[in-house]
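Turn this into a structure:
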Amino acid sequence: MHDTVVDHCHASGEVRGVLHRQSNAFLGKVENAWKRYACRSADVSLPEALRRMADWIEFSRTGLLHPVGATQLQKRFKQKKNQEQLEILLDLGVDVVSMNASNSDKRSKLYRKQITKNKYD
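The predicted structure follows:
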């Protein structure tokens, strides 16, 4: 494994194992953020909080699209090549022939309209 470091617990000094350097840096940031923002008021340990967060990320879905999320999706859509945009619109059921989808701005607006259709009712 390239670019590895020996990880250790800062509380006990005990070696936990070998990690990729970036993983170790990320772990340090998570542990420091936990100490700074949450550990005093939390009724769970950091590992338990992380397990709960992982469950939340993986399983929590409402079926509702947040307006900021729609904007983020629209921006990513607009960065795609023309043919890929057209394929996505077709997959979403947009009749690109009868709709004016002649340029990226128009296709992007059609995409947003389709992904937000019935989402805020």
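
Now do whichever strand or helix holds residue 113: distance to the chain's middle.
Using DSSP states H and E, the element containing residue 113 is helix 104-116. Distance of helix 104-116 from the chain centroid (CA atoms, centre = their mean, to the nearest Å) equals 21 Å.

This structure: strands as residue ranges?
For the chain, the strands defined by DSSP state E cover 4-8, 15-20.

Relative to residue 28, which of these is closest?
Comparing these against residue 28 with CB to CB, the closest turns out to be strand 4-8 (8.8 Å). Heads up, the C-betas are built off the backbone N, CA and C, glycines and all.

and the spatially most central residue of the chain, what does it touch?
Centroid-nearest residue in the chain: residue 57, 8.9 Å away (criterion: CA atoms, centre = their mean). Going by CB atoms under 8 Å, 6 or more residues apart in numbering, residue 57 touches no other residue.

Across the sheet, point out what pairs with residue 20.
Taking DSSP bridges as the rule, residue 20 bridges to residue 4.

tell me the domain boundaries of the protein?
4-59, 67-116 (automatic domain parsing).

how long is the first one end to end?
Think domain 4-59. End-to-end distance for domain 4-59, by CA to CA, to the nearest Å: 32 Å.

what do you get for stretch 96-109?
First-to-last distance for stretch 96-109 - CA to CA - comes to 12 Å.
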